[in-house]
Every structure is written in structure tokens, then in C-alpha cells.
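1. give me the fold of what follows.
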Amino acid sequence: MVYLLIDLDNKLLRTDVLLELTFLFFSGPLIQLFKTRSFNHAQIKRKLATFTDLDVTTLPYNSEVIQYIQDWKAKGGKVALVTTTDQLIAEKIAAHLGLFDEVYGSDGQLNLKGVRKARFIVERFGEKNFIYMGDSEADLPVWAVAAKAITVNASPRLRKKVEQINPNVEHLGSTKRSIKPYLKEIRPYQWVKNVLVFVPMLAGHQFNLPTFGISLVAAVAFSLTASSVYVLNDLLDLHADRAHPRKRYRPFAAGDLPLFHGIWMILVLLGLGMAIATTIHLPFLGILLLYYGLTTAYSFYLKRRIIIDICTLAGLYTIRIFAGAVATGIALSVWLLAFSMFFFFCLATVKRQAELVDHRDRKQLRASGRGYHIDDLPVLTMMAIGAGYVSILVLALYINSPQVQLLYTRPQVLWGICCVLLYWITRTIMLAHRGLMHYDPIVYAIKDRQSQICFLICLVCFILGGIL
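-> Sure thing, here's the model as predicted:
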């Protein structure tokens with residue numbers, strides 16, 4: 001009987017298991033990385049499979065390949081999973097799908113790939129007595145001894161190579177790639193946070209073209225660097241994202257982008273951000289490196305530490321304002337720093353509050369990848385209210401300060417900003433409490449009509465109070 005042999009990575013799965021385990025490893029038991037002294041590929045795969053707990057039920061499976069297997073079995077055919085992935089993981093996936101008659105993977109000693117894989121398959125099934133489904137040049141030795149070659153999402157160049165070594169070939173999947181998942185992954189809508197680098201210019205009333213130009217370049221540098229962090233964070237959060245009703249549609253979690261592309265996206269975006277930062281001056285580059293270091297620490301560790309994660313998020317917002325001041329040479333007032341500290345602490349807490357409400361509604365006691373429990377929800381809500389109201393108090397005291405009398409012609413108009421913020425913060429926390437807010441308050445504010453109206457009123461108050 002001719003067997004249908006299926007490979008796993010980027011064929012049956014729309015992802016790479018080794019990279020999945022590696023990112024899961026880095027996001028969890030990192031200390032184990034420093035204990036392993038294995039350099040053999042098969043041994044590394046076995047250790048990754050042992051140290052990590054990969055949830056195979058949420059992995060992105062290729063529906064076209066699964067349908068092909070089901071049709072083959074419906075005709076009475078036998079199917080075997082033969083993969084370079086470790087045997088432990090291969091067996092878990094086979095048990096989950098229930099489609100395979102036999103399962104063979106790397107066993108900690110033999111790395112089942114390339115020529116070694118072809119030799120193993122010929123010994124087990126016999127030459128030209130199997131059909132093999134693969135996707136890469138490493139599969140060429142196997143295709144050469146197969147009765148039929150099936151490629152999945154192969155490039156035109158690889159398809160041509162396969163046709164040269166095996167005339168009986170079938171191609172599955174499309175080779176076309178869209179730029180949309182790449183744009184979705186770098187999250188341009190999040191770049192709006194980087195308008196915070198313009199705050200020192202606005203607060204200091206430095207309305208001139210050179211200051212605006214430097215602030216704009218600083219915002220671009222921050223945007224590219226932040227996108228690099230978003231990619232890194234998504235790679236580390238793959239499994240937590242797949243358990244989330246909205247985040248599971250992110251490009252890497254959904255299998256719309258190869259995980260390997262995420263590595264070069266991180267490097268390219270970070271390199272561009274840093275290169276643009278050097279056009280301003282070295283102190284600004286230092287601030288950007290501090291931001292990147294802090295966000296990286298957050299992605300790997302700090303986001304799982306209660307309160308510290310909120311303080312870090314609040315600090316990352318404030319760093320943008322500080323960076324704008326360093327880039328333009330405008331001194332920051334204590335009032336602005338105090339306001340931003342409490343205001344962004346409030347927003348960061350609301351972000352956690354919204355996540356916990358979402359978990360509560362899905363009957364989950366703990367926030368995946370975070371240190372909070374559903375019972376922490378009332379405390380987080382009080383923290384958000386307290387920090388938000390204190391930020392408004394700081395703003396009110398600032399409006400009555402001598403500095404404002406010098407900067408603004410009609411400082412009394414600025415009280416309108418206090419009233420709007422009081423309404424907006426209270427409404428935001430209330431909506432988060434009811435589970436009606438997006439998990440990110442900034443994204444929510446951009447899309448929410450009432451938030452847009454509040455922003456316009458604040459802008460009008462600022463213009464009437466100081467510029468006209």
C-alpha cells in the first residue's frame with residue numbers, strides 16, 4: 001500500500017514548531033536556556049519540547065492539507081506524519097487531529113531532516129512506495145525517492161526544482177504574499193502614541209518650524225522602534241494571543257506570517273529607528289535605547305510582575321515626552337512630569353482593568369501571561385480612579401501657578417480642560433468596568449466618537465487660553 005507522508009512545519013501547520021517552542025521558551029522558563037549545553041539539533045528540539053508546554057489545540061492548521069488527508073483516508077489510504085519536529089510534539093499533534101496511522105519525529109538523537117529523513121523513509125516504507133508532502137529544499141532528497149511529490153506553498157524556483165527530480169508532482173497552496181499582514185503587524189495606528197514627543201513643544205509654546213521638524217523626526221524614530229517591539233512582543237505572546245478572542249487574529253498567531261520573517265522585521269525596524277535617531281543627536285539616541293531596553297524587559301519579564309508592569313507602561317508613555325524635550329532642548333516643568341506620571345498610570349491601569357474584565361466575562365480566573373487574578377479587579381479600578389483624579393488635581397494646581405499667568409493670556413479658559421478630562425477619565429473607567437472598552441485605552445480613544453469630541457474641546461480650550 002502506498003502511504004501518504006505529511007511533514008509538519010509550514011505544511012500541516014501554518015507555522016514552524018521549532019520557532020514556536022523557542023519563543024515559548026524565551027517567554028517562560030528562560031533560566032533553563034542557560035542550563036542546557038546541547039548543540040545537536042535533535043537534542044535542542046527534545047529539550048525545548050520537554051521544558052515548554054505547547055498547546056497544540058490552538059496552533060494554526062492548514063485547512064487545505066487537512067482536507068487532502070481526509071480525502072485520502074476516505075479512499076482507504078494510510079497516512080503517516082514524518083517530521084523534523086520532536087517526537088513528543090508530533091505525537092501530541094497527531095493525537096489532537098486523529099488523522100495519522102503512524103507518527104515519526106526527531107528523537108533527541110536523530111534529526112529527521114534532509115538526507116537522513118529520506119534514508120529513514122526508504123527503510124520504513126520502501127523507495128517509490130510513498131507520496132510525500134513538503135515545502136522546502138530540505139525535502140528535495142525525499143521527493144527524489146517518492147512515488148509522487150506534493151509541494152505546499154512552495155516558491156516558483158522550488159517548484160521547478162521538484163519537477164526536475166520527480167515528474168509526478170502536485171502543487172498545493174498559493175505562492176503569492178500580501179503586504180497587508182506586514183502592515184497589520186507593525187500596527188501603524190499605535191504610532192499615535194508618539195505624538196507625545198510634541199508635548200514639550202506645545203507646553204513650552206515653541207511654535208516654530210525647526211522645533212516642529214525635530215519633533216516630527218523624533219516621532220518617526222519612536223514609531224519604527226515601537227513597531228519593532230510590537231513584533232517581538234507578538235512573537236513572545238503567540239500562545240497567550242491564540243487563547244484571546246481578538247488577539248488570535250494577529251498575523252503571527254493566525255499563521256498569516258512566517259515566524260522567521262518576524263526576526264528580520266525586528267532587526268530592520270529597530271535599525272531604521274536608531275538610524276533616524278542619530279540624525280537628531282546622541283542624547284536622543286540614548287533615550288530611544290533606554291525606551292527599547294525597557295520595552296524589551298517588559299516583553300520578557302516585567303509584564304508578568306504585578307504593579308511593576310503598570311509602572312513600566314506609564315513610564316514608557318512618559319519617556320516619549322521626555323524624549324521630545326531632549327530632542328528639542330526644551331526644559332520640562334515639574335507640573336508636566338507630575339501630570340503625565342499620574343495620567344499615564346491611570347491609562348495603564350485601565351488597560352489591565354479591561355483585560356481582567358474580558359477574562360472575567362470568559363470565565364477565566366487569571367489573566368494569561370500576566371500576574372493578575374480576577375479578584376484584583378476592584379483594586380485596579382480604585383487605582384485607576386485615584387491616579388486619574390490626582391492627574392486632574394495636578395493640572396488644576398498648574399493652571400493657578402505663576403508660570404501659567406506668564407504663558408497664557410486667558411488661563412481661566414484652561415479650566416475647561418480639567419472638566420473634560422474629569423468626564424473622560426470617569427467614563428473610560430466606567431466603560432472598562434462594563435466590558436465595553438477595547439483592551440488598549442489609546443486605541444479605544446482613537447475610535448470612540450465622544451473621546452474625539454473631548455479631544456477637540458481640549459484643543460479649543462488650549463488655543464483660546466494661550467494662542468489667540
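2. residue 167: how many residues sit nearby?
-> Per other Cβ atoms under 10 Å, the neighbour tally for residue 167 reads 9. (Glycine included, C-beta is placed from N, CA and C.)
3. which SS class is it?
-> coil (DSSP: H, G, I helix; E, B strand; the rest coil).
4. pLDDT wise, what is it at?
-> The model reports residue 167 with a pLDDT of 91.
5. let me see the mean pLDDT of the biggest strand by length in the chain.
-> Looking across the chain with DSSP state E, the single longest strand is strand 78-86. Averaged across strand 78-86, the pLDDT comes to 90.
6. please apply the same query to stretch 300-312.
-> 89.
7. how about the secondary structure of residue 171?
-> strand.
8. that one: what's it in contact with?
-> Residue 171 sits next to 150-151, 154, 159 when contact means Cβ atoms under 8 Å, 6 or more residues apart in numbering.
9. which among those residues count as buried?
-> Applying 16 or more other Cβ atoms under 10 Å to these, the neighbour count classes 150-151, 154 as buried.
10. in strands, which of those residues appear?
-> 150-151.
11. lowest pLDDT pick from the buried ones among the contacts of residue 171?
-> Among the buried ones among the contacts of residue 171, residue 154 has the weakest pLDDT, 88.
12. ok, that residue touching residue 160?
-> No - contact criterion Cβ atoms under 8 Å: residue 154 and residue 160 do not qualify, at 9.5 Å.
13. identify each buried residue in the host helix or strand of residue 405, please.
-> For residue 405, the host element (DSSP states H and E) is helix 402-407. Neighbour-count burial for helix 402-407 flags residue 404 (criterion: 16+ other Cβ under 10 Å).
14. check the offset of that helix from the chain's centre.
-> In terms of Cα atoms, centre = their mean, to the nearest Å, the centre of helix 402-407 is found 43 Å from the chain centre.
15. same question, stretch 433-440
-> So, by Cα atoms, centre = their mean, the centroid of stretch 433-440 is 20 Å from its chain's centroid.
16. can you name every helix or strand that the longest strand of the chain contacts?
-> On a contact count with 3 or more Cβ pairs under 8 Å, 6 or more residues apart in numbering; DSSP states H and E, strand 78-86 meets strand 3-6, helix 17-27, helix 41-51, helix 63-74, helix 87-97, strand 102-106, helix 114-125.
17. touching that strand from outside, list them.
-> Taking Cβ under 8 Å, 6+ apart as the rule, strand 78-86 contacts 1, 3-9, 12, 17-18, 42, 45-46, 48-49, 69, 72-73, 90, 93-94, 99-108, 111-113, 117, 120-121, 125, 138.
18. one more: stretch 310-325?
-> So stretch 310-325 is contacted by 193-194, 196-201, 215, 218, 222, 284, 287-288, 290-291, 294-295, 297-298, 302-303, 330-332, 336-337, 340-341, 344-345, 347-349, 351-352, 383 (Cβ under 8 Å, 6+ apart).
19. make a ChimeraX selection of the buried ones in these.
-> The ChimeraX command for the buried members of those (criterion: 16+ other Cβ under 10 Å) is given here:
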select :193,194,196,197,198,199,200,201,215,218,222,284,287,288,291,294,295,298,302,303,330,332,336,340,341,344,345,347,348,349,351,352,383
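20. now do stretch 334-353, average pLDDT.
-> 92.
21. same check on stretch 205-221?
-> In the prediction, stretch 205-221 has an average pLDDT of 92.
22. can I get the CA coordinates of it in CSV?
-> Extracted C-alpha coordinates of stretch 205-221, given in CSV (Å, rounded to 0.1, in the frame of the first residue of the first chain):
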residue,chain,number,x,y,z
HIS,A,205,4.8,77.4,23.3
GLN,A,206,7.8,76.8,21.0
PHE,A,207,5.8,77.1,17.7
ASN,A,208,8.4,77.3,15.1
LEU,A,209,9.4,75.1,12.1
PRO,A,210,12.8,73.8,13.3
THR,A,211,11.3,72.6,16.6
PHE,A,212,8.4,71.0,14.8
GLY,A,213,10.7,69.3,12.4
ILE,A,214,12.9,67.8,15.1
SER,A,215,9.8,66.6,17.0
LEU,A,216,8.5,65.0,13.8
VAL,A,217,11.8,63.2,13.2
ALA,A,218,11.7,62.0,16.8
ALA,A,219,8.2,60.7,16.4
VAL,A,220,9.2,58.8,13.3
ALA,A,221,12.2,57.2,15.1
